[in-house]
Each structure stands twice: as structure tokens, then as C-alpha cells.
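Q: Fold the following.
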Amino acid sequence: MAGRRKRSRRSIVCLIGSGRHDEGYRRAYLEETIAGKIVLSMAFGMDGKRYEVAAEKAEQLEALHREKITLADEVLVINTGGYIGASTSAEIMYAIALGKRLRWTECPPLNFFVEQGLLPE
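A: Reported below is the predicted structural model:
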């Protein structure tokens, strides 16, 4: 129809980081939602509890989280205290490979970029 504007979709942000940062996840989820963004996050763990899953199920959940990163317009790294674990590092590198915009809850540690070969030593 003439004169009708196509409604732009809301921005999608995917939260990544260690499950040990449950408070950081809850805060980021709330802040990003209030900012009007669609928020994708971990399947569980934001309640402060630790869950054990079988290795096969863990692999499925990791693949699901990568799909969330793929869907997202941007990725928010929950790096409380500067901590970035191996799983989060892999997710960051995946997001970079896809050309996703990265944001951080805290200033990212410079050594992370050097260790990943993204900056010279």
C-alpha cells in the first residue's frame, strides 16, 4: 500500500559470558530489554544455580547458543572482573568471524586480544 512504512525490526542482542556471572546476566538482560532490544541469552544459569548436563546435551546447548549469536545483530560480553573463559573466548571469536558488533560490560582485557592473535604483542 502506498504511504505505509515498513516497520523496522528491533535490534537483537545475544548475551555471552561465564555462567558464574549470573548477576551480570540478570542486570544486562533487564537493561537491554528496557532499551527495547530483543535479548537472547543462556538457557539456564541466571538463577545462580549450577546445572550438570551430559556431554552430548552440553554440545547441543553450545550449538544452540552459537545459533543465537548468528541471529543477533550484536553481542554483549558479560566479563565481570575481566574474566573471559575458554567457552566465551570461542563465542567471541565466532561472533568476530560473523562480523557481529561486540560490546562489553567491562573494559575488555587487552591480553585477550593479544592471545587471540587479534593484536600484535
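Q: Run through the neighbouring helices and strands of the longest helix along the chain.
A: When the chain is parsed with DSSP state H, its longest helix is helix 55-71. If you count contacts as 3 or more C-beta pairs under 8 Å, 6 or more residues apart in numbering; DSSP states H and E, helix 55-71 packs onto strand 12-17, helix 86-97. C-beta coordinates here come from the backbone N, C-alpha and C atoms, glycine included.
Q: Compare the ones you listed and give me the one nearest Glu115.
A: helix 86-97 (8.1 Å; C-beta to C-beta).
Q: Show me what that closest one is in contact with.
A: Contact partners of helix 86-97, identified using C-beta atoms under 8 Å, 6 or more residues apart in numbering, comprise 14, 16-18, 62, 65-66, 69, 75, 77, 79, 84, 102, 112, 116, 118.
Q: Let's see that with 6 Å instead.
A: Helix 86-97 has contacts (C-beta atoms under 6 Å, 6 or more residues apart in numbering) with Ile16, Gly17, Ser18, Arg66, Ile69, Val75.
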